[in-house]
Structures are given as C-alpha cells and as structure tokens.
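S.K.: Quick check, what structure comes out for this input:
(2 chains)
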There are 2 protein chains.
Amino acid sequence: MHAPPDAPSKDAYAEGAPVARKSELRELLRLAPGEPVELAAHDTAATPGAPGGKQASLADAARTGKKLARLQERLWAAGTAGDRRRVLLVLQGMDTSGKGGTVKHVIGHLDPSGCRIHAFKAPTAQELRHDFLWRVRRELPGPGEIGIFDRSHYEDVLVARVRHLVPPAVIGSRYGLIDDFERGLAEDGVTVIKCFLHLSFEEQRRRLLRRLDRPDKRWKFSPADIDERALWPAYQEAYELALERCSAPYAPWYLVPADHKWYRDWAVGRLLLEHLRELDPRYPPAGFDVAECRERLLRET
Amino acid sequence: MHAPPDAPSKDAYAEGAPVARKSELRELLRLAPGEPVELAAHDTAATPGAPGGKQASLADAARTGKKLARLQERLWAAGTAGDRRRVLLVLQGMDTSGKGGTVKHVIGHLDPSGCRIHAFKAPTAQELRHDFLWRVRRELPGPGEIGIFDRSHYEDVLVARVRHLVPPAVIGSRYGLIDDFERGLAEDGVTVIKCFLHLSFEEQRRRLLRRLDRPDKRWKFSPADIDERALWPAYQEAYELALERCSAPYAPWYLVPADHKWYRDWAVGRLLLEHLRELDPRYPPAGFDVAECRERLLRET
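M.R.: Presented below is the predicted three-dimensional model:
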C-alpha cells in the first residue's frame, strides 16, 4: 500500500518544506537519461549548489542530518502500518572516492536500526553460482528502511568489463537487466538514488599517499590499488557507459564531485533529504481507541 | 587468529587507558554467575557508577561515543587482517525499556558500516521450522564487526515461557542450549555483552501513556501492550530464571537500571567501552613495502 502520491502535506509533523518541489541539487547533479556522459567534462573539484565553502557546508550538513533523522523515523513509522515505501542509496566510485566515508558521515546521522547497509565485495563462490543480481536482491531494504549499497550490481558492468571477467555479450545484456531490475524496484515502492562519486586521478594519488603515510590508515591500502590505477581510463569509460545506459527517470544517476569530502557528504545528504521530503512519509493514525487505552492503563494496578 | 591476549599495549594508537583493568561499571552491574536473582531487590531508578546527574552523564556519554568510534575502527581494521574477534551486544528488557533507544543513542556513535543490527520479532513460519537458535546464528557479527541484538534467543525462554508457547521441558532444556551456544561464541572470539534493561511497572505505565498522548509516538503503541502488563510478574520471574541460569564468565549479564534514559545510555556505552578497551584491537602492520609503494605512486603519470 503506497501513500497516495498527491495527498497534500498538512499535518503537524510535516517538515514544513514544500512537498515535491523542484529542488535545486537534484536538478544540478542528475544525469539526463540516455544522454552521452563525458566524465572529463565534469570538474571533480566543483561544488555545485553548496551553501558556501567548507565551514558553511559542514554546518548545513549537520542540520540536514537532523532533518534526515526525523524523516527517517516517519518513513519507519509508516512502514509499520503498511506503507511499503523505502529508499535505496547506491554509492559507486573509484577507490578512495569516499563510499565508506559517506556512509559514516551521512548515514551516521540516522537511526542505525532503520538502515540496511551492505558493502559488496568480490563475489563468493556461492554468489557466482547464481545470476549477478541474486546477491543484490538479498540485501534490499524492507518497507520503511533506508538501504545503502557500498558498491552494487554496477560492479558487474564495471570491474567485470575492465577485467574481462565475462564475455562482452554478457556485459552488453546486463545494462538492460539492471534497468529492468531497477524499474521493478521503483514499481514496488523503492526510491532508488544512485550517486557516482566523481574523483580525479590526482586526488586519488594524494589519498593513497596519505594512507601510506599514516600507520593508522595503512590497513586500507593494498599494492593492488596501484595496479588498478593503470586501468583508470578503462574504468572511466566503463562508468560513462553505465551512467549513460542505466539512467532512468525512476532510477537516476547523480554525479557528485568528490575531490572535496565536505562537498561530497553535504551533497549526498542533501540528495537523500530532497527525496525523503518528496516521499513525505506520515506517522500512521492510531488504529485503536486512544481514550479507552488511556483509561485502561490508568485503571490497572 | 586471535591477537595474543597478554600482548601489552604500547603502540601509538592505543587509547591510553590501562588495558584489561578491573573497571568499575562492569563490576557494579554484573550479575554473579549461578547466584539467584531477585529483580525486586534492584532499584530501577538507581544510577550506579554514573559520573554525576543527567547533564554530567550526557556529556560523559558523548565522550564515550567518540572513544567507541575510535576503538571500533581498530577492531574493524584488525578484522581485515585476520583477527577474528568481534562483539555481540544483546539488549533485553520489557516493552519501552529502551532497547531501540539504546541502539539509536549508543550505537549511533559508531560507524554504521561496522555494525550488524538485528531486531528479533515473533518467529516467522520458516524460522519455526528450525531450532530456536537457527535464526540467531544467521545474524551473528563477522570478524571486526559489532553485532547488536534488539531482543534475542532469550525470547525463547521469556515470552515462550510466559505464554506457554512450548512445553515446560523444552523451556528447561533451552537454558543449557543457550549456555552451550554462548560458550561456543566466546571460544570463537565473540565478546558477548548481555544487558538487561531493568524498568519499573510504574515507569512503563508513564512511557505507554506518553506514547498515547503524542500523535508522533502513537505508532509505537498497541493495545496488546496493556495485555502484556497483566503478565508482568510472570515476565519478571522468567527474567530472573534466565539471568540466573545463563550468566557465565564468558557471557555475563549486566543489570542496567533503565528508568532514567540518560543513565541507561551512559551505562551501555560505558560497558561496551570497557570491553573494547580490554580487547585492545590493533591496526595491523603493513604487509607490503611502504617505501616502494610510495615511489610507484609518485612515478606513475
């Protein structure tokens, strides 16, 4: 049961903001479905829509965090009363682009009980025995939940393409399968928000060097990370194809410049907020006699 | 591979506190294994070990949260290098005792990526086809993770006993099965921390009334909550038995007075901190030539 999409927001618990407004950040960062994507044309250090510089954005992100937590509670509450709607945030990007950092700093504002987070690694032997979407379906959020994918089914058209893990024809068919999958999710009440964290080759170098220089960061580093950099152009091309072929109105890709961590966190939080506001989840009405329950509680000893 | 338990803490990333010290709160709240438990003898509004009143405790809890996050990162980092240790926090308590609130306020300080949270509800038809520990095993934390159970296998000797869901002999055998299960976890590197959130009948009434009075809280209420209150003495007795029969040195029960939410959150956070400090997880050493990797990174174009 979905809430009627055209129900106006008039109750006392609405966030106050106009519902379903055209919000600037979504407009600024969304990739147009079907249009060619040229990543080099997008500045990785840009900060489109930011409320100011680093300090102002951090302050705004903190306020956004509190708003997110309130809306998440309403989404969860609605879920307990039959509202099937839920959110799936997909985070993709090159190594060090900050997928994990985004979870920590943005999702960290939410009630962890209502989040379902999964980091997809190289598929296990068992996972490889199934189609590539099998393991993804198992990690989807339930009604009222906010799901977060740190990497996702897109790896199956990214690393799989760059590393020739499957024949080209199989890769080719996967774009359509992903599109079908995401359309099915949308029709089942899942708001799919896909963020590509766009990092520069130079900024990745700086971040890898920092991991090497700090003993408390070295565990995040592997020499294989350097080998992967040799394939940077192939990855960028694979991303361009994925972003172009799997951007649909019901599951848009947002290109988030990620050289500035403060911008990345602010932007992902803001995108999530705009979508949650549009969903406008409501606390369900009481399905019982409040006055009678009150009396019963006061009467008992 | 567990870290050697007697390795002294000397590296630059230790938290500074003495390792494996006898810490006061654990001593204060732990129920002695095998000793009879009389819940009525424990004040639900007590605040043993608190650093002061509400304000001082909230401030201390915030500091504890930051320390928890740092230790959690070390636990996770160690897990990436073969350290199998992990933590399982079990939260039990009557309705409104604050299991969910504890997750929000204590676990909310952690990086959500490293937490594995599960709220156990009434078993599904599929779950009932298996032994009562089957569904619990599926939700255990992996190496480096902090698992949180909001309710747990203890429901199978609590509601199952009070509501006569299975024959008494089956309940009787479950205490031993739970003990075996938890000993197996401990031997596999799981630090099991079980917290009973101890609430008074009167405070539950106040909290239920508040849920009725606030439209944004009503979704948490069900008239069945009042029916359950009629069984309060039976539940207290079931808890006493569970706390007495399943408290072992490797999986102790802590009795956390829960009438004051600020105390409950402070105490659970503090218990978690004391256990993590004792574990003293370490950032793993680099398994590669740092200087060589540095050079390779700087050389490439």
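S.K.: the strands in the stretch 101-250 of chain A, which residues?
M.R.: Secondary structure of the stretch 101-250 of chain A by DSSP state E, counting those that start in this stretch: the strands cover A:115-119, A:146-150, A:190-198.
S.K.: Just checking the second one against chain B, any contact.
M.R.: Yes. Strand A:146-150 lies in contact with chain B when judged by CB under 8 Å from any CB of the partner chain; the contacting residues are A:D150. (Each C-beta comes from the backbone N, C-alpha and C, glycine too.)
S.K.: That strand vs strand A:115-119, what angle?
M.R.: 10 degrees (axes from the mean of the first three to the mean of the last three CA atoms, to 10 degrees).
S.K.: got the angle for strand A:146-150 vs strand A:190-198?
M.R.: 30 degrees.
S.K.: what's strand A:146-150 packed up against?
M.R.: strand A:86-93, helix A:99-105, strand A:115-119 (3 or more CB pairs under 8 Å, 6 or more residues apart in numbering or on different chains; DSSP states H and E).
S.K.: In CSV: the ones you listed, plus mean neighbour count.
M.R.: Output for the helices and strands packed on strand A:146-150, formatted as CSV (neighbours: other CB atoms under 10 Å in any protein chain shown):
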stretch, mean neighbour count
strand A:86-93, 24
helix A:99-105, 21
strand A:115-119, 19
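S.K.: looking at those, which is closest to chain B?
M.R.: Chain B sits nearest to helix A:99-105 of all these, at 4.7 Å, using CB to the nearest CB.
S.K.: For that closest one, the averaged confidence score.
M.R.: Here helix A:99-105 scores 98 as its mean pLDDT.
S.K.: mind giving me a markdown table with the helices and strands packed on strand A:146-150 and columns for distance to A:D150?
M.R.: Below are the helices and strands packed on strand A:146-150 laid out as a markdown table (distance: least, CB to CB, whole Å):
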| stretch | distance to A:D150 |
| --- | --- |
| strand A:86-93 | 5 |
| helix A:99-105 | 5 |
| strand A:115-119 | 4 |
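S.K.: Now render the ones you listed as a markdown table, adding distance to chain B.
M.R.: Listed next are the helices and strands packed on strand A:146-150 as a markdown table, based on distance: least, CB to the nearest CB, whole Å:
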| stretch | distance to chain B |
| --- | --- |
| strand A:86-93 | 11 |
| helix A:99-105 | 5 |
| strand A:115-119 | 6 |
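S.K.: now the strands of the stretch 101-250 of chain A in JSON lines, with mean pLDDT?
M.R.: Formatted as JSON lines, those follow (pLDDT from 0 to 100):
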{"stretch": "strand A:115-119", "mean pLDDT": "97"}
{"stretch": "strand A:146-150", "mean pLDDT": "98"}
{"stretch": "strand A:190-198", "mean pLDDT": "98"}
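S.K.: Setting the sequence-adjacent residues aside, check what's closest to A:P257.
M.R.: A:A46 (4.5 Å; CB to CB, 6 or more residues apart in numbering or on different chains).
S.K.: Then A:A186?
M.R.: Excluding the flanking residues, the one nearest A:A186 by CB to CB, 6+ apart is A:Y250, at 3.7 Å.
S.K.: how many neighbours does that neighbour have?
M.R.: 15 (other CB atoms under 10 Å in any protein chain shown).
S.K.: same deal with A:H275?
M.R.: Neighbours around A:H275, by other CB under 10 Å: 17.
S.K.: what's the answer for the one 4 residues further on, then?
M.R.: With neighbours defined by other CB under 10 Å, the count for A:L279 comes to 23.
S.K.: Ok, A:P51 next?
M.R.: Residues near A:P51, counting by other CB under 10 Å: 15.
S.K.: residues in contact with it?
M.R.: Shown in contact with A:P51 (CB atoms under 8 Å, 6 or more residues apart in numbering or on different chains): A:57, A:60, A:266.
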